[in-house]
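K.L.:
return a 3D structure for these sequence lines:
(one chain, ligands or ions: 2)
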Amino acid sequence: MIETWLHPTAAGLYCAAGDFFIDPHRPVDRAIVTHGHSDHARPGHGAVLATAETCRIVEVRHGSNATARLEAIALGERRRIGDCTVWLAPAGHILGSAQVVIEHKGCRAVVSGDYKRRLDPTCAPFEVVACDLFVTEATFGLPVFRHDSDDVAIGRLLDSLDANPDRTHLVGAYGLGKCQRMIALLRRAGYDRTIWLHGAMVELCALYGALGIDLGPLAPATAATGKLPGEIVIAPPSALKDRWARRFADPVTAFASGWMRVRGRARQNGVELPLVVSDHVDWPELVATIAETGAGEIWVTHGREQALLRQLTLMGLTGRALALVGRGGEDGESDGGADTAGDADSPPLDSALPGGGEVETP
Ligand SMILES: [Zn+2]
Ligand SMILES: [Zn+2]
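P.N.:
Ligands and ions are numbered 1, 2, ... in the order given. A predicted model of the protein is given here:
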């Protein structure tokens with residue numbers, strides 16, 4: 001019974017065999033942190049074990065003293081902690097993101113944090129790790145959620161630039177992960193012009209550069225002399241409707257998020273150009289990943305778990321909803337697409353549910 005040595009607590013998922021928490025949302029003595037988003041990496045822990053990239057991100061965001069002891073571990077490096085062996089495998093979600101693999105008494109549990117299966121030039125791709133227990137999120141855990149290829153979104157953005165050379169293209173994207181991925185996808189599509197950044201993006205983009213992710217020519221939007229017609233400016237979603245946005249040339253407002261698949265959500269946010277680019281798996285990828293791990297037992301941390309639990313039963317697997325508190329928010333996808341970063345308390349997006357839903361079909 002894995003439950004005897006790994007279980008949810010008020011502070012988060014706790015491994016009793018090694019006496020540590022995974023992504024705890026309250027300060028604890030020992031934590032393993034899957035990635036740098038604020039709903040997973042909180043300040044105030046005694047000791048944190050994470051990938052080197054996540055350690056750097058945490059230092060930049062929380063300050064170097066927010067965690068008493070920050071220790072980096074390489075992907076795949078085995079570490080004996082208490083009565084178990086722990087190692088990290090790439091999760092493909094953002095730079096530094098990892099799944100936590102825990103082995104104890106011949107059983108293997110994988111806590112995947114947030115993950116995706118699509119190409120992301122800014123991080124190592126998700127690696128399937130065979131296991132007995134797979135712990136997964138279910139942000140897009142409904143069969144209606146099927147994300148288009150990212151090429152579709154990038155193509156729409158570049159087409160709109162061609163069609164509107166006199167307008168600034170103001171792209172809302174979360175500052176850690178999505179912003180850098182959008183830039184990298186644009187570079188892959190051959191866009192080599194300077195990409196302009198809101199001040200809130202500058203430091204994290206520089207950190208990605210320092211960690212070896214080449215994002216091409218970038219400049220702060222405040223450094224521009226004109227109104228940037230025909231240029232791309234990336235800003236936090238909260239800045240799209242801000243005074244700040246008025247400096248640009250008749251901006252086309254775009255927003256990069258998995259939730260842009262829900263028409264009402266784009267409209268509600270005044271988004272003229274919705275770009276479906278997600279850092280989470282869609283439904284087919286979620287179900288396929290679960291099958292690939294070979295796990296007999298699946299725990300669902302947060303998201304829309306009811307449909308997934310039904311699906312697991314159909315697959316002959318044991319499912320359990322953990323309903324971990326404090327999850328969702330930072331990347332603006334796991335919380336239902338609210339337009340303010342770090343808003344972990346946003347209610348789920350009811351309009352995304354079937355019946356009340358208005359999900360775009362391919
Ligand atoms: Zn995340
Ligand atoms: Zn998350």
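
K.L.:
max-length helix in the chain?
P.N.:
Counting residues, the longest helix found in the chain (DSSP state H) is helix 150-163.

K.L.:
so how far is Leu317 from Leu309?
P.N.:
10 Å (C-beta to C-beta, to the nearest Å). Bear in mind the C-beta positions are built from the backbone N, C-alpha and C, glycine included.

K.L.:
with Val325 instead?
P.N.:
From Val325 to Leu317 the distance is 25 Å (C-beta to C-beta).

K.L.:
equivalent analysis for Asp19, please.
P.N.:
Distance, Asp19 to Leu317, using C-beta to C-beta: 29 Å.

K.L.:
now do Ala66
P.N.:
39 Å.

K.L.:
where does the nearest residue to Val171 once chain neighbours are set aside land in three-state SS?
P.N.:
Closest residue in space to Val171, ignoring its immediate chain neighbours: Ala254 at 4.5 Å, by C-beta to C-beta, 6 or more residues apart in numbering. Look at Ala254: counting by DSSP: H, G, I helix; E, B strand; the rest coil, its state is strand.

K.L.:
before we move on, back to that, and the contacts of whatever helix or strand comes next after the longest helix of the chain?
P.N.:
Once helix 150-163 ends, the next helix or strand along the chain (criterion: DSSP states H and E) is strand 169-172. Strand 169-172 has contacts (C-beta atoms under 8 Å, 6 or more residues apart in numbering) with 157, 160-161, 182, 230-237, 239-240, 245, 248, 251-257, 269, 271, 273, 275, 339.

K.L.:
of those residues, select the buried ones using a PyMOL command.
P.N.:
Paste this into PyMOL to select the buried members of those, with burial taken from 16 or more other C-beta atoms under 10 Å:
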select buried, resi 157+160+161+182+231+232+233+234+235+236+237+239+240+245+248+251+252+253+254+255+256+257+269+271+273+275+339
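
K.L.:
ok so, going back, gap between the longest helix of the chain and the chain center?
P.N.:
How far helix 150-163 lies from its chain's middle: 22 Å, per C-alpha atoms, centre = their mean, to the nearest Å.

K.L.:
could you give the angle of that helix to strand 252-256?
P.N.:
If you take axes from the mean of the first three to the mean of the last three C-alpha atoms, to 10 degrees, helix 150-163 sits at 170 degrees to strand 252-256.

K.L.:
distance check, the residue of the stretch 51-200 of the chain found nearest ligand 2 against ligand 1.
P.N.:
For the stretch 51-200 of the chain and ligand 2, the shortest gap (C-beta to the ion) falls at Asp114, measuring 4.3 Å. Separation of Asp114 from ligand 1 (C-beta to the ion, to the nearest Å): 4 Å.
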